[in-house]
Structure formats: structure tokens, C-alpha cells
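Q: Provide a 3D model corresponding to the input given below.
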Amino acid sequence: MDTYSVDVVYQAISALFQGNNPKEQEKANKWLQDFQKSIYSWTIADELLHQKRDLHANYFAAQTMRNKIQNSFSELPPHTHESLRDSLITHIGQIDEQTDNVIVTQLSLAVADLALLMASWREPINDLLVTLAPHQCAIWPLLEVLKVLPEEIDSRYLRLGANRREEVHKQLDASAECVLKFLCMCLQREDLDQQRVWNAALRTYSAWLVIHAFPVSHVYNNALTQLAFRLLSLPETSGKLHDNATECVCALLSCINTRQDSASDPESSFEAQLFGAVCMLETPYHLSVAHEDTDKTINYCRIFTSLCDAFFYDLLADAQKPHYSLKGLDLVLLCVGHFDYEVAEITFHLWYKLSEDLFQRNEDKLTVLFRPHIERLISALFRHSQMESDHDGLIEENNNFFDFRRKVSDLIKDVAFIVGSGACFKQMFHILQAPETTWESTEAALFIMQNVAKNILPDENEVIPKVVEAILNMSEQTHIAVRYTAILLIGELCDWIENHPESLEAVLNFLLYALQQKNGLAPAAAIALTSICSACRQKMVCHISGLVEIARSLDSFQINNDVAIGLLKGISLILTRLPREQLQPALREIVGFQLQPLAQLVDSTGGTAQKGERTDPVYWIDRACAIIRHTNPDVPDNVEHPTVAILNDAWQLISRVMDKYQSDLRIMERTCRLIRYGIRMVRKQAMMLVEPLIKQMVVLYSVQHHSCFLYVGSILVDEFAKSSECIGGLLEMLQAFIEPTFGLLQMENGLKNNPDTVDDFFRLASRYLDCCPHQLLQSSLITPIFQCALIACSLDHREANSSVMKFFINLLVWGRSNNHSRNAECRPLVVELASQHGGALVMNLIQASVFQLHSYMLVDVAEVLHELKQVVGNERMQPFLAQALEALPKKNSGGYVTATQQQLDEFSSTVLRADTTKAISQALKTFTRLFR
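A: I've put the predicted structure just below:
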């Protein structure tokens, strides 16, 4: 206790907040963090709050108290809980006008978290109301406590568990009427600051509405709901009050989804009243637009969108008899029509939801019902997509307007089927034909057309020929943005061009001319050319010499490397269609354009690799990778693949790249990707590369620990482990990988800090189990790999954990009883392994599921349990489960029962009698909620 005392803590706080020496401040910060983790911080923080020496000390003490309750409540013996509660309520009661808001929030959270955790505190809401409500100064922290308490119920830090959460909800439901009376009483008090009390009361009311604590009969006709709507209807309402009233109405609307009796007498129901009240906000919305009060406009837009969300399934209920809530879409479309595109953007999720539901239902009458709304939506999006008339040049990437247009693009592709892509295209074409059409309207119309072009039938002959002809004949004087979007539209019409080969020559000449321009058009031309190469592969074969020239001149064009790589992909797709005698020389030439500069970089001694520049090896490796990956001719197994000779010739250069840049993870990952696509392309014909590649990777991995080498190893196993002459060498590779891998993972936080290594190592082990299971299972390597996987069960990284679970599944599958000869030789080995380590596996899986893993990861865990059950049978599985469940905590840190014996037995019996992975997965998700 000598280390930590009130005075020493004060000194550290002073050094941190008021010192001038950065090193001393860092030292004080570290010391205070260690102090917060100690058991002594409970009493010292309490004493600091009593003394109130200065703001920084008070804030630190309040924060410490909140953190301790949230993260370390189990440190306190149960008999101290009441004294902690009383002390905190005393601190809350001493808050006055001068107390900083941050301190109020931290103390309120501390009290709320304590009320949720402390099982022996039976009626926290009523106790707080009785103790604090009579005191004027205590009203503000009381309102804050009442606000944060429902918000904290689902806190992942508190881990209340489903049983405790259910108990808390019952407590809050029982206290809801008292809370509502208290909030209404606050509104009537004349001794309190009116604006402040309205804000606080509305925020608290909203928090309780969100958890649906109030009975519906209490919700609409009360002073708070009426206040919220009154404030929203008054133009003079302050911004903060307007925001809180908006949150309140949105919370009210969320109550609709929980109603059980919404079908009964809807016209006179709570829903109808609420709908009518929201519709009355149309006039205030127009006033906010007239006053250019965008913040309030956004609030109304949120309310109207929430209204349609709340009535969503009523909207879609009956196409013959449209629901009255259809008017809500008109309110939303009002907002979409607002001059500020940020207002329209708020509604986008609703249109996505509507289009998805209509697509799933596939009912023509229902689709027709919403067609006028989508037509209005597209017209509004066309207006919002227009650039400023005085804008020169192209839209800059990554500014807000560029991002908005990207979202518009996604939305139009989603909703176009409701009105028909052809109809939408035609609607925009009419805008193009209108007299006096401005350049910005033309560009926006082409932009909308670009987003529906792919869905138009390729045999369309009415509008598209005119559009294509107009684009090909565009003058040099046309605004650059119009030309840029028009070129992208040509690319999106690639399927139509494939169906109209007479237009191909003119289109290619047009794109090649644009590609050579230095005015910003080249990227659009390259993207369009890539699309046409992809769609018109056979018809482009006769143009291969021109495409090879484009590949040779790639760096003379004003395009970035990503666009260049796309263009090489398109050219490679054409290469695939060439006769064999033409393919190999053309492929060698195009690959050579990339490997020659790479060889010069490897040979050079000076200079550093600048990311994304020509001096960066990745610049050339990625290009070569795109060519190898997408040149995929149909070659019989008994004929040499045209890529084999190129790969064999390139191996020496690839090997030198790996040696020279071995410490650079980025370059190594890209090089491994090139190797991967090369081997995947030629498959067993890459046999000559296997031995030198393994030797080099093993040496480099032992030094650098790049997990991409493990990934390449798994590709080699996949391709060559079925050849008996390769298995020995591949197992030696695995053995060589194991020592550095385990060394890395056994370091402090080794699993957490190296998820890619976990992912790639167990992916590699799974490939061995797929391709040569018997050889791995009878080797000495399987036990240490299994034990490492047991530890890795708890890693909460999606891909890494999935690979660990797939390893267990792939292993246990070989223990099943069936007539396959490979199963017969593997089964005894798997049964022995499962019997020996099954208890530890179930223990680790249950612990990880309860305490570490996200719920979406439990499907894989369930599959492992299902496979284990198939191998060992229920007789052995039952004690494995019993032992794992016995090890779980019976009570949470607040003394509440986490899982009853009945719930434990029910989970165990469900797993044992389950026939499917889905049944175990569902049981596991339900069970883990008891501890979260």
C-alpha cells in the first residue's frame, strides 16, 4: 500500500495534466494505468471523489470508478457491494451546478453499471428516485443515470448474461410507470432551467422507448411525446432541442415493430395516431427548407425515413389495397428532392430495403405499385448527380461529391429493375435530346445511363445505336466531363457491342484515340477497353497485334497502375482465344514487358522502392500476375501448357526477387501471389519448380516468418500431394515450417499478433488432410499441430479461427465410418486422437464460444462438435460436455446465476441428440447468450 496512496496518486495526476515534460507525463500516464488495474484503486478513487481537490483528480477518480465496476467488479467481495452503492449515491447527491459534465456522465455510468451487475440491489430505479428526486441539484445526475441505465444493458463489457438481462428488463418494466411520472413531473417544475430539463427528459425518455419499457397505452398520450411533436412543429426550437425531439420520435416509431396487435383496428390504433402526427411535420419541413436550416431538414428526413421503416411491411402487405402508410414514401421523396444531396443520402438505406424486398417477392402488381416512386427517385438522383455549371475538368476522386455519386451508382443499379433498365435509359435519352440541354445535365444523364446499360437487352435497336453514334461523333469542344462519362458508358455497353460487331471497329478506334490523350480521358478509355475485351473475346482476336502494342506502350498512357493492370487483364482474356502457335510468343512478349524492368530493379544496387512507382517491384509483379492469372487456354493434360516454358525461364528472376526483398512483406506477398497463379495455371507441369521453391521458402520463412510462404506451401500440397513421389518432400516442408511457426505463436500475444500465420498454417495443415491424410495422421507431426490448434481455438479473428475450425473438421471427417478405403486406414488413427484429446477440444471450444468468439463464428464451432460426436459417439461425448460445462462460472461478478442447472442440462442434451450442425449452432448461440 506504500506504493499507492491518495497523495502519490494526486502527484501523478498533476504530473500528467499540468506537467511540461513529455517524458514525465508519459511515465505518470503509465503509472496511473497500472494504478487503475490495482485493487487499491477502489478505495483511493472513492477518497478522491470525497476530497474534490481539483477537476482533473475528480475526472480521473470518476473514470476509474466506472472502469473498475465495468471491468473488475469481480475483485470486490459481495459484502462490499452495498457500501460501494451507498458511496456512489452519496457522490451523485453531491453533484452541483459547478460539477463538470464529464464527471457527471462517468459517475452516472458507474451507478448504472453497478445497478445492472449487483444482483442484491432489487429495486435500483425506485431507490434512486426516492433518494435523489426530492433534491433539486440531484435531478440532473438522476436524469443522466436513468438515461444511461437502459443503454448499458447490452454492453459487451458488462457481460450480464441472458438471465440477468431478462431480470433487468423486468425490473425496468416494473419501474417504467414511476419513471414516466418522474419525467413528466420534471417538465412541470418551475425551479429548473426549462430548456435544460426538456433536453434531459427527452433524452431519458428516448432511451426507455428504445428498450420498449413503456406500455403502448402510456406512450402516445403523455406530456413527453406531445412536447417532442410540439418542439418539432415550432420553427424557433433550438438545434439541440430539435435533435433530442427527433431522437424521441424515431424511438417512438421503433415501438411499432414490437406491437403484437397492430392488425386490429389500425385506423384508430396507436400506429395511426403516430402516423398522423408525423405527417403533420410536413409543413415544418417546408419551413426548414425555406429558412435553409439544413440540420432541422435532416432531422425531418430521418423521421420520415424512420416512419417508412416502421410501417415497411404494411407498405408491402397488399398491392390491391394500398396501406395508408404509402403516403410516408411521398414524405421521403420530398426530402430526396431537397437541393442538398446529403439530405437525400439519408434515405438510401430505405430504397435498398424496398428494392431487395420487391426483388425477393417477385410480384408484378406490387412492383407496379412502387414504380412511380422509383421514377421520382431516379429523377431526383439525376438532378443531384449534376456537377456545378462552372466546374472545369473532372470530378476529383475521394471528395464528398465523388463518394455521393458512387453511392447513387450503387442505388440505381439496385432499384432500376422496378422501372425497367430500358425505360430508365430511354428517359435519360429524352433529356439528352431536349433543346437547350446544358452540359451538366447531359453528363448526369449519361452517368445514369451508364449505371443501367449492362441490364439492357443486347438486341435493343431503337435508342442505343443513336447514343453510340452520338458519342463516337462527339466534338473536341465538348466538356471533358461529358466525354469522360460517355466513354465509360461505351464500356458498359460492351454486351450490346458484342451483339453488334459492325460497331466494334469504330468503337476501338474511338477508345484508342482517347487512350492516347493527355487530358484525363485515358483512364476512362482503358476501363472501357477492358470491358470490351472481356465481352467481345472472340471478335477481338483479329486485333491482337494492336493490343500487344498497347501493352508495350502502357507507360506512355496517362493511367495509374490499377487501370493498367485491368487493361492487361482484358488483353490476356483475348490471348486465351489465340491458337497455340500464336499464344506462346504473344504471351512471352507481354510478360517480358513486365519482367525486363523488374530484372533491372533486381540488378540495380542503389535507390529505394517507392510504393506505386516504377521503382517499386510490386508495380511490375502485379502486372505480370494479372497476365498469368487471366491467360487460361484450354490445354489437355498430355500437352505442354504454353505458360510452362515462360514460368521456368522466369524462375531465376523470381528467386532473386525473393532473396533481395525478403524482408519486405508487401513485395513477398505479391511475389507469392505470382507463384500461386503460375502453379495454378500449369498445375502438375510445374514439377521442376517444386524442389527449388520449397528449399528457398523454408530458408526464408525460418528468418522472416512471412505467412505467404505457408500459403504457397498449401498450393503445392494441393497440386502435388496426390503424386506419391512428392509426399515425402512435402511432409519435410511441413516439418520445416512447424518450428518457426510454433516459436512465433508461443511468444506473448503470439496468436493475437499473428492471425495471418494462424490462418495460413492451418489452411496448410488442412490441405495435407485433404490430399494425403494417412501420411500426415501416422506422422509425429499431427499431435503438436492438434495441440497448437487447441490453443488457437480462442482466437477471435474471423479468417484465422475459421481455418483452425476447418482443420479440426477436415481431420475428424476421416474418423467417420464408411466404406471408403482411405477412411478405413485413417479411422483408427483419428479415433485414437479424438479419444485422447476430445475432452480438451470440447473444453476449449466451449470456453472460447462463451468468452472469446463472436456469435457469427459459432457455426464453425458447431460443425467441429458435430464431427467429433460422429467419431467418438454420445457415450464419450457426454462426459466431455459435462466436464466443459462444469468448468464454466456458475454466477457472474454481481452474484447472479449465469446458467441454471436446467439450462446446462438442456444444452448438453440438445447437442447430444442433434442430427445437424444447424441444431448445434442454434443451441450454442442461445447458450452463449447466458454468459454475455
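Q: Where does pLDDT dip in this protein?
A: Scanning the chain with the threshold set as pLDDT under 70 gives 1-2, 257-268, 607, 819-821.
Q: Ser421 contacts Asn451, doesn't it?
A: No. Using CB atoms under 8 Å as the test, Ser421 is too far from Asn451 to be in contact (9.1 Å). C-betas here are computed from N, CA, C, even on glycine.
Q: Show me the residue at the heart of this structure, geometrically.
A: If you average the C-alpha coordinates of the chain and look for the closest C-alpha using CA atoms, centre = their mean, you land on Arg798, 11.5 Å from that point.
Q: Pull the contacting residues for the nearest residue to it once chain neighbours are set aside.
A: Leaving aside its chain neighbours, Arg798 sits nearest to Met857 (6.8 Å; criterion: CB to CB, 6 or more residues apart in numbering). By CB atoms under 8 Å, 6 or more residues apart in numbering, the contact set of Met857 is 796, 798, 801-802.
Q: From Phe927, how far out is Met857?
A: 14 Å (CB to CB, to the nearest Å).
Q: now do Ile532
A: 55 Å.
Q: ok, Ser421 and Asn451, which is more surrounded?
A: Ranked by neighbour count (other CB atoms under 10 Å), Ser421 and Asn451 place Asn451 first, with 27 against 20.
Q: so who does that one touch?
A: For Asn451, the contacting residues are 408-409, 412-413, 416, 492, by CB under 8 Å, 6+ apart.
Q: any chance of the residues you listed in a markdown table, with secondary structure too?
A: As requested, these are exported to a markdown table (DSSP: H, G, I helix; E, B strand; the rest coil):
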| residue | secondary structure |
| --- | --- |
| Val408 | helix |
| Ser409 | helix |
| Ile412 | helix |
| Lys413 | helix |
| Ala416 | helix |
| Glu492 | helix |
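Q: farthest-separated two in those?
A: Farthest pair in the contacts of Asn451 (CB to CB) is Val408 and Glu492. Separation: 15.1 Å.
Q: Would you mind telling me which of these two has more residues around it?
A: For Val408 versus Glu492, neighbours defined as other CB under 10 Å are more numerous around Val408 (23 against 19).
Q: how about Ser663, secondary structure?
A: Under three-state DSSP, Ser663 falls in the coil class.
Q: Which neighbouring elements make contact with the longest helix along the chain?
A: Secondary structure assigned by DSSP state H gives helix 821-851 as the longest helix of the chain. Applying 3 or more CB pairs under 8 Å, 6 or more residues apart in numbering; DSSP states H and E, we find helix 821-851 packed against helix 773-777, helix 782-792, helix 798-813, helix 858-886, helix 917-928.
Q: Helix 798-813 and that helix, what's the angle between them?
A: Computed with axes from the mean of the first three to the mean of the last three CA atoms, to 10 degrees, the direction of helix 821-851 lies at 140 degrees from that of helix 798-813.
Q: quick revisit: out of the contacts of Asn451, who's nearest Asn20?
A: Distance ranking of those against Asn20, using CB to CB, places Val408 first at 51.7 Å.
Q: Just confirm the closest one contacts Arg383, I think it does.
A: No. Applying CB under 8 Å as the test, Val408 and Arg383 come out as separate, 10.8 Å apart.
Q: Show me where the chain has its strands.
A: Per DSSP state E, the chain has no strands. Nothing in it meets that criterion.
Q: so how far is Ala535 from the closest residue to Val897 other than its chain neighbours?
A: Nearest non-adjacent residue to Val897, counting by CB to CB, 6+ apart: Lys891, 5.7 Å away. As defined by CB to CB, Lys891 lies at a distance of 65 Å from Ala535.
Q: Between those two, point out the one with more neighbours.
A: The neighbour count for Lys891 versus Ala535, taken as other CB under 10 Å, is higher for Ala535 (21 against 15).
Q: Quick check: nearest residue in space to that one, chain neighbours excluded?
A: Take Ala535 and drop its neighbours on the chain: the residue closest to it by CB to CB, 6+ apart is Cys494, 3.7 Å away.
Q: wait, isn't the one you found in contact with Thr530?
A: No. Cys494 is beyond contact range of Thr530, at 9.2 Å (criterion: CB under 8 Å).
Q: Next, count neighbours for the residue lying closest to Thr608 once chain neighbours are set aside.
A: For Thr608, the nearest residue in space outside its immediate sequence neighbours is Thr615; the separation is 7.4 Å by CB to CB, 6+ apart. The tally of other residues near Thr615 (other CB under 10 Å) stands at 15.
Q: next one: Ala45
A: Other residues near Ala45 come to 25 when the count uses other CB under 10 Å.
Q: Can you name the residues that contact it?
A: Residues in contact with Ala45, defined by CB under 8 Å, 6+ apart, are 60-62, 64-65, 68.
Q: Kindly recompute the last result at 6 Å.
A: With contacts defined as CB atoms under 6 Å, 6 or more residues apart in numbering, Ala45 is in contact with 61, 64-65.
Q: What is the nearest of the residues you listed to Met697?
A: Distances from Met697 to the contacts of Ala45, taken by CB to CB, are shortest for Thr64, at 50.4 Å.
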